[in-house]
Every structure is written in C-alpha cells, then in structure tokens.
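Student: everything below, folded, please.
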Amino acid sequence: MVFRWVLLASAQRGSEMKISVGESVLELVRGDITRQETEAIVNAANSRLAGGGGVDGAIHRAGGPRILEECRAIGGCPTGRAVITSGANLKAKYVIHTVGPVYRGGGRGEAELLGSAYLESLKLAAGNDVRSISFPSISTGAYGYPIAGAARIALNTVVAFLEESGAVWLVRFVLFSEADLKVYEDELREIGAD
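Tutor: Numbering: from 1, shown residues only. Got it, this is the predicted structure:
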C-alpha cells in the first residue's frame, strides 16, 4: 500500500498522525471522542444499546437522554453490526453504535466480528451521506481485546474501505491514552510498510 505520511506535533494536542488513502484522510489523535466535530462518532456499544461504562457511558452522558430513547426504539444490535441515532447534544450530527466482540482468546471469531463492527459502521456512515467519522478503539476496554491486534484489524479494515470507496473523506481514530495512540501509530506504520 502506498500512503502519504504526515506527522504533526502540537504542544496543546500532543502528536497526531495523518495519512492519505486515495482521496480520503485517516487520522490518529489522542482525545475525547465526545468532543469530536466529525459528522458522526462511533459508540462502542453493548448489544442491548442500553448505555454502560467507558466510551458508551461517556457518549450517553454527553449526548443526553435522547440518544438512549432512540436506542430503545431500535431495540438492540448484534455483535459485529451497527445502527445509527442522532447525536442529540453532541457536536456530531450522528452516533453510530456498533458492538464489538468480547475477547475470549481469539479462537471464537473475534477478529472477524471486530472487523465487521468497523466495516458495518463505515457502510452505515456512507449510506447516510456522512463524510467524516471518529472511531474509538472498539473492544479494547472492558471487552478485553488486546490493543495491538485490535488496532491492526481496525486500521486494515478502514484502509481497505477507503481504498475501495471515496464515500467517507475523513476517518479519525480518537485514542484515550498516549499509550493507545502509540500502539495505533506503530500498527499504522507496519501496515504502510507492507
């Protein structure tokens, strides 16, 4: 794969990595996903769409009760799939809720389900004319997916989608910690070296 690499540094925002994939841009940043100004943000949801801890709880708290009301109307979401609601009180117009797998050693289809969670989110974004989207690191918190493997799956899935489709112009991964950001940066460099 051929990427154009740009590494930005800022005293206020830490480091960012940007690459061009076709006509689209893929960014890695450290930050708070609830504050992103992309058209959509992705929620690492549970299958009941009932809110919870981590990213899911933060999005529901920041977005307000309307998101939960819309989730209740939808009813649920199977692992590896995605659904969409409004962004309610968030800066983002939409929240795409996807359910990643619980990691149980890697032999129960977890990789395929995780890749599907990212791909279904991107397809749903494109189908709703969303041109910019922010992802968290799905399944790497309470669901226990090892971050290096999860980052590789996430980045490979997104790069492949962007190479095939110009429907989404900006995909941003918003990582909570500097350590997680570094893992994603290292994995993206590995993908670019292939």
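
Student: any chance you could map the strands in this protein?
Tutor: Using DSSP state E, the strands of the chain run over residues 4-10, 14-21, 24-30, 40-44, 82-86, 94-98, 132-135, 170-175.

Student: okay, now the unreliable bits of the protein?
Tutor: 1-15, 193-194 (pLDDT under 70).

Student: coming back round to it: distance to K182 added to the strands of the chain, as TSV?
Tutor: Any C-beta I mention is one placed from the backbone N, CA and C, and that applies to glycine too. As requested, the strands of the chain are arranged in TSV below (distance: least, Cβ to Cβ, whole Å):
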stretch	distance to K182
strand 4-10	13
strand 14-21	9
strand 24-30	9
strand 40-44	20
strand 82-86	27
strand 94-98	24
strand 132-135	17
strand 170-175	9
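
Student: highest average neighbour count across these?
Tutor: Among the strands of the chain, judged by mean count of other Cβ atoms under 10 Å, the one packed with the most neighbours on average is strand 40-44 (a mean of 28).

Student: returning to that earlier point: looking at the strands of the chain, which is closest to R66?
Tutor: Closest of those to R66 is strand 82-86, at 6.6 Å (criterion: Cβ to Cβ).

Student: the closest one pairs with which strands, and in what direction?
Tutor: Here strand 82-86 has these sheet partners by DSSP bridges: strand 94-98 (antiparallel).

Student: by how many degrees do the strand it pairs with and strand 40-44 diverge?
Tutor: Orientation check (axes from the mean of the first three to the mean of the last three Cα atoms, to 10 degrees): strand 94-98 against strand 40-44 gives 30 degrees.

Student: what's in contact with strand 94-98?
Tutor: Defining contact as Cβ atoms under 8 Å, 6 or more residues apart in numbering, one finds that strand 94-98 is touched by 39-45, 49, 59, 63, 67, 71, 77, 80-88, 117-118, 120-121, 124-125, 128, 130, 133, 138.

Student: likewise for stretch 107-123?
Tutor: 42, 79-82, 96, 98-104, 133, 135, 138-139, 145, 149-150, 153-154, 156-158, 161, 165, 168, 171.
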